[in-house]
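In: I need the structure of the sequence given here:
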Amino acid sequence: PTPAGRGPAGVQRALDKLGPDPINDDGPEAEKTFVENVRKRNVAIGQLLMDQSVVAGIGNIYRAELLFRQRIDPYKPGKKITVKQAKALWQDWSKLLHDGVRDGLMLTMDDLSEADHAKAVRSRKDRHWVYHREGEPCRVCGTEIRMADMAGRKLYWCPKDQK
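Out: Sure thing, here's the model as predicted:
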């Protein structure tokens, strides 16, 4: 006999608790669920993106990079994220995730020259806007990238560009 909570039924119950994952479904219903999950909570968006019941699969790198790419303050409560911002986060997450799976690489910087793209493929430090760049200048404005602890994970952001 299978112990309680294990086996196919237990796996399905665990999966049912997860938020949407664009690698499995990036259609309008999944986007709507994500937007609702974000906007109903008075919790920092940086924390919500790491909550697997809100959205499945976003890790620390993508969390920092998505918030930077959308110029969203990681401390802004989910309730104050606009529908437009939440949809933009979802669509960007879907794009980055599909690109990453296709390329086998977490590259979050777009529109790189051929030389910069080759450099990013070779060197992890040249692949991201803010992730793991604490104390370095922002690639957009030059402000020092900050790092803080949020829910037990390191959070990276630009205090000028993400207001």
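In: from here on, just use CA atoms for contacts and neighbour counts.
Out: Noted.
In: now the closest residue to Val83 other than its chain neighbours: which helix or strand?
Out: In space, and not counting its chain neighbours, Val83 is closest to Val35: 6.6 Å by C-alpha to C-alpha, 6 or more residues apart in numbering. Using DSSP states H and E, the secondary-structure element containing Val35 is helix 28-39.
In: packing partners for that helix?
Out: If contacts are counted by 3 or more C-alpha pairs under 8 Å, 6 or more residues apart in numbering; DSSP states H and E, helix 28-39 sits against helix 83-103.
In: give the other helices and strands that the helix it packs on contacts.
Out: Here helix 83-103 touches helix 28-39, helix 60-69, going by 3+ C-alpha pairs under 8 Å, 6+ apart.
In: and the residue nearest the centre of this structure?
Out: Arg63 (3.0 Å; C-alpha atoms, centre = their mean).
In: wait, that one sits on Asp51?
Out: No. Look at Arg63 against Asp51 with C-alpha atoms under 8 Å: they stay out of range, at 10.7 Å.
In: quick one: Ala120 from Cys158, how far?
Out: Ala120 sits 20 Å away from Cys158, taking C-alpha to C-alpha, to the nearest Å as the criterion.
In: between these two, which is the more surrounded one?
Out: Between Ala120 and Cys158, counting by other C-alpha atoms under 10 Å, Cys158 is the more crowded of the two (29 against 20).
In: which residues of this structure score low on pLDDT?
Out: Scanning the chain for pLDDT under 70 picks out 1-5, 12, 14-15.
In: mind running it again at 90?
Out: Regions of the chain meeting the criterion pLDDT under 90 cover residues 1-18, 24-26, 56-57, 110, 151.
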